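>>> From the sequence below, what's the structure:
(chains A, B, C and D)
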2 protein chains.
Amino acid sequence: MRDRATASTVPTLIDIARETRTSVSTVSRVLAGGAPAQRISRATRDKVIEAARRLGYRPNLLARSLRTRRSNTVALLVSDIANPWFGQIASLVEQNLHRHGYSLMLCNSGEDAEVEAEYLRLLPQKGIDGLIVVPLVRTKKALYDLFPAKLPVVVLDRPIPGVVTTVYSDQDQQSKLLCDTLMRVGVKEVALVAGPQHVVTHRRRAEYASQCFRIVSTHEGPAQKETGRQAFIKFMELPQPPHAVVCTNNFLAQGLIDSIEHAENPPIVGSFDEIPMMHLLPLPIVCSVQDVPMLAEGCVRQLLPQLRGDTAWKPEPIVPDSRAVTNLAFQKLGGSQR
Amino acid sequence: MRDRATASTVPTLIDIARETRTSVSTVSRVLAGGAPAQRISRATRDKVIEAARRLGYRPNLLARSLRTRRSNTVALLVSDIANPWFGQIASLVEQNLHRHGYSLMLCNSGEDAEVEAEYLRLLPQKGIDGLIVVPLVRTKKALYDLFPAKLPVVVLDRPIPGVVTTVYSDQDQQSKLLCDTLMRVGVKEVALVAGPQHVVTHRRRAEYASQCFRIVSTHEGPAQKETGRQAFIKFMELPQPPHAVVCTNNFLAQGLIDSIEHAENPPIVGSFDEIPMMHLLPLPIVCSVQDVPMLAEGCVRQLLPQLRGDTAWKPEPIVPDSRAVTNLAFQKLGGSQR
DNA sequence: TTGTATGCGTTATCAG
DNA sequence: CTGATAACGCATACAA
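Prediction:
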C-alpha cells in the first residue's frame, strides 16, 4: 500500500516528511543520528524511522556531500593496476579505509602523465576527501599545480621532495640488500632491466646496481612484462650472455623469466618484490621484497589524521624496511642464508 | 590582481558572472559548450572563457551530477582486486571507459557478501551511472533487492539467471578444453583444489572435472594462494599422492605450486587462466585461459548502450571462448599439441 | 542574445 | 522539541 505520491521515484526527505506529517528538518535530524537526533521526541523519532524504512529511503550522497563538503570517499591513484603489487596494496588500503567508514575510489593512470593529470584535476571536482597517489609528477610544485594543496594527500612508493606525508621503502636499504646478496655469491657484473628512469624508484634501484656491479648491458622500458621479454632477447644476442640480471621490479623480472624456455644456462636474477612460485623455478633468484602490509597501513595512518583535521598531528614519512628472499636454486649457489 | 571576493575559495559560476558582469546562466551555457554555447555572442563568450581560465574555474561535479542526474562515473565491483586476473580486467575496462568519457570507480568486495551488499547499496547513492559487477549474489532478485533495477548493470564472470547484460566465459567449453587436454596424456584421476562452491564459476569447473575424472581428494577454500598451499599439504599426507591436480582458478594453482619445494615427483597441474612463467616450471601444467581483453571490452560494449539509453539495442550475453595453453614439461608428456 | 527564477536533496541557522 | 528558510553549485524552463 504505497502512497501514490512516491510512485516510481526514489524517496527523499520530503516524502518522509509528508508521510509522517513532520518537516524535512525533523526528518533530517532523526536520520542523521547522533546528538541532534536525541533532541527529538521518542514518538516522532520512531515514526520517522518507521516511514524511512517502509519507503526504502536512501540518502542522496551527492546532495549530502554538496552540502557538507565531505564525501567519505578517498581516491587511490596508482600507476598500473595490472601489476599485482598494486593490487595487493589496493586491497589492503581498501580494507583499512573501509574499517574507518571511508570508501575507496581506485583509479589507474597507466603510467601515463596525461591521464594522471586528468585524474588529479578531476578527483577534487568529484568531491573526494583525500588522495593516495603513486605519482608520476616529480615535484611538489607540479603536484599542487594540478591538485588543490588544501586537500589531504599521501604520496606512495615514489617520494616527492618536500612532501612529508609519504610512505615508501628505503631504496638504498632495499637495493643494498639485493646487491649484497648477489655479491656474496660472486656476482661482479650484471645486465640491467630497468623501468622508466624518470620514476625515482626505478632510477634509484638502477643507480645502486650500477655502483655495485659492472653493467654489461641495459634495457629500459615500461615497467611491464613485455619489456622483460624484450630484454631477454637483447641479452641473448650479446656475444657473451650475462651471468646475472638485475630487474628494477618484479613485473620486469617475470617477463624476463617468462621468456626463458631452455634452462640450459640460466642467469642469476635479482629483482624487487615477490616473484610467484620462485622456489620451483630452475634458476637462482633473489628478491628484495617490500613490506606491503606496512606500506598499505602506512597510507591510511598518514591520511586519517589529515582527514579529521588533527592539527596536533606531526606528519613524518613512513619508511618500512625490506627483506631479501632467495629461492632454492639460489641457495645452492653457496654463500647464501635463510 | 585578483578580485578580493574570490580570495582563498574555489571559484564558482557566481564568481565568473560577477567578474564578467553577466549572469550565472550565461556563464553556465558558455562553459557547458555544445549547442547552447553557440547562441551566446562571441564577445561575452570570450569574456567568460577568459575569466574562467584566469580564475582557474573547475566545475563542481557533485553539484552538476545532483542537477543532471548523471555523473559520468561507472563502478566496477570486483570480488578480489588482489587477484591479478581482476587487475588485468580492471585496467582494460578503465582504458575502455576512459576513451568514452567515463571514469571508473573500482571497488573491492573481497569475496565478502556483506561488503558487497554495502557497496550495492552505497554506489547508487553516490550517483554512479552504471555498474559492472562480479557478483556474490546468485539471483536476479537478490541483486535488485539491493541495487536499483533502473540503473545499468553488467554482470561479469558469474552469470546470474535472467540477467542478460552479462559477460562470461563458457564454462563448459573452458572446462572441456582443460579436461580433454589432461585426458589426452592419460590422466584418469585427480585431486581437486576448489574455490567456494557457492560461486558458480568454481562450482561449474569442479563439477565438470568430477565428471571427467575420479576425484581422489578435494580441498575447498577461499580462492586465494593460501588455500592452494593448504591443499598441497593435505594431498601430500595422502597414502598415495595424486598424479594430477585440478585447480578451479589460477590463484589456487599458484599457491599449490608455490609450496612444492622438492620437484622429485611433481603432479600434473590443470588450472584456469594464466600462470606466470609456467614454461620454466619443472612440472607439467595446462591452463585453460580466458580471453581477458574480450571480456573487458565486452563489459563496456554491454554498458554503453544502456548508459546512453539506446532503446533499439538488443542485449545479448557475450561469451568468449577460452584456449588451452600447456608448458614445456607438459608437452614432453606426449599426446599434446600446439 | 541574455537574465530571472526554480529545483536537485541535504544540512545548518535561526526562530519559536 | 520542531518548523521555516537559506544555502551548497549548477542547469534549465521561461521571460525578456
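>>> Show me where the stretch 51-200 of chain A has its strands.
Listed in chain order, the strands of the stretch 51-200 of chain A (DSSP state E, counting those that start in this stretch) span A:73-78, A:103-108, A:130-133, A:153-156, A:166-167, A:189-194.
>>> Please name every helix or strand in contact with the shortest one.
Using 3 or more C-beta pairs under 8 Å, 6 or more residues apart in numbering or on different chains; DSSP states H and E as the contact criterion, the elements in contact with strand A:166-167 are strand A:153-156, helix A:292-307. The C-beta positions use only the backbone N, C-alpha and C, and glycine is treated the same way.
>>> Could you give the average pLDDT over the first one?
If I follow you right, that is strand A:153-156. Strand A:153-156 shows an average pLDDT of 98 in the prediction.
>>> cool, stretch A:256-273 as well?
pLDDT averaged over stretch A:256-273 gives 89.
>>> Enumerate the positions of that stretch that are buried.
A:256-260, A:266-273 (16 or more other C-beta atoms under 10 Å in any protein chain shown).
>>> and if you look at stretch A:303-322?
Quick answer for stretch A:303-322 (16+ other C-beta under 10 Å): A:Leu303, A:Leu304, A:Pro305, A:Gln306, A:Leu307, A:Ile318, A:Val319, A:Pro320, A:Ser322.
>>> try stretch A:99-111
A:Tyr102, A:Ser103, A:Leu104, A:Met105, A:Leu106, A:Cys107, A:Asn108, A:Ser109, A:Gly110, A:Glu111.
>>> Among the helices and strands packed on strand A:166-167, which comes closest to DNA strand C?
DNA strand C sits nearest to helix A:292-307 of all the helices and strands packed on strand A:166-167, at 15.8 Å, using C-beta to the nearest atom of the strand.
>>> The following helix or strand past the closest one and chain B, any residue contact?
Next in sequence after helix A:292-307, counting helices and strands by DSSP states H and E, comes strand A:323-326. No: figure legend: strand A:323-326 not in contact with chain B (C-beta under 8 Å from any C-beta of the partner chain); closest approach 12.3 Å.
>>> Is there proximity between the helix or strand just after strand A:323-326 and chain B?
Downstream of strand A:323-326, the next assigned helix or strand under DSSP H and E is helix A:328-331. Yes: using C-beta under 8 Å from any C-beta, helix A:328-331 reaches chain B at A:Leu328.
>>> what mean pLDDT does helix A:328-331 have?
93.
>>> for stretch A:174-190, same thing?
Here the average pLDDT along stretch A:174-190 is 97.
>>> Can you get me a residue count around A:Phe147?
Neighbour count of A:Phe147, defined by other C-beta atoms under 10 Å in any protein chain shown: 21.
>>> Nearest spatial neighbour of it, chain-adjacent residues omitted?
In space, and not counting its chain neighbours, A:Phe147 is closest to A:Leu120: 4.6 Å by C-beta to C-beta, 6 or more residues apart in numbering or on different chains.
>>> host element of A:Val286?
Going by DSSP H and E, A:Val286 is in strand A:285-289.
>>> and the closest residue to A:Leu122 other than its chain neighbours, bridged to which residues?
Counting by C-beta to C-beta, 6+ apart, A:Leu122 lies nearest to B:Ser103, which is 6.4 Å off, once chain neighbours are set aside. Counting by DSSP bridges, B:Ser103 forms beta bridges with B:Thr73.
>>> before we move on, back to that, could you export the strand holding A:Val286 as PDB, CA atoms only?
What follows is strand A:285-289, C-alpha atoms only, in PDB (Å, rounded to 0.1, in the frame of the first residue of the first chain):
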ATOM      1  CA  ILE A 285      66.600 -15.800  -7.800                       C
ATOM      2  CA  VAL A 286      66.900 -13.300  -5.100                       C
ATOM      3  CA  CYS A 287      64.200 -10.700  -4.400                       C
ATOM      4  CA  SER A 288      64.300  -7.700  -2.200                       C
ATOM      5  CA  VAL A 289      60.700  -7.600  -1.100                       C
END
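>>> So what touches it?
The contact list for strand A:285-289, computed with C-beta atoms under 8 Å, 6 or more residues apart in numbering or on different chains, reads A:174-175, A:177-178, A:181-182, A:250, A:253, A:257, A:268-275, A:278, A:322-327, A:329-330, A:336.
>>> Show me the residues you listed that map onto helices.
Under the assignment DSSP state H, the contacts of strand A:285-289 contribute A:Gln174, A:Ser175, A:Leu177, A:Leu178, A:Thr181, A:Leu182, A:Asn250, A:Ala253, A:Ile257, A:Ala329, A:Phe330 to helices.
>>> quick one: the last one from DNA strand D, how far?
Okay, so that is A:Phe330. 58 Å (C-beta to the nearest atom of the strand, to the nearest Å).
>>> List the contacts of that residue.
Going by C-beta under 8 Å, 6+ apart, A:Phe330 touches A:Val185, A:Ile268, A:Pro284, A:Ile285, A:Val286, A:Ser336.
>>> Quick one: distance of the strand holding A:Val286 to the chain centre.
The chain centroid and the centroid of strand A:285-289 are separated by 20 Å under C-alpha atoms, centre = their mean, to the nearest Å.
>>> Contact residues of the stretch 1-150 of chain A facing DNA strand C?
Within reach of DNA strand C by C-beta under 7 Å from any atom of the strand, the stretch 1-150 of chain A has these residues: A:10, A:12-14, A:24-25, A:28, A:31-32, A:57-60, A:63-64, A:66-68.
>>> For the one helix or strand in chain A whose mean pLDDT sits lowest, what is the distance to the chain centroid?
Lowest on mean pLDDT, DSSP states H and E among the helices and strands of chain A sits helix A:35-38, with a mean of 88. The chain centre lies 38 Å from the centre of helix A:35-38; the measure is C-alpha atoms, centre = their mean.
>>> where are the low-confidence patches of the stretch 201-338 of chain A?
The model of the stretch 201-338 of chain A has pLDDT under 70 over residues A:263, A:335-338.
>>> Of all residues in it, which one is closest to DNA strand D?
Counting by C-beta to the nearest atom of the strand, the stretch 201-338 of chain A gets nearest DNA strand D through A:Gly309, at 18.3 Å.
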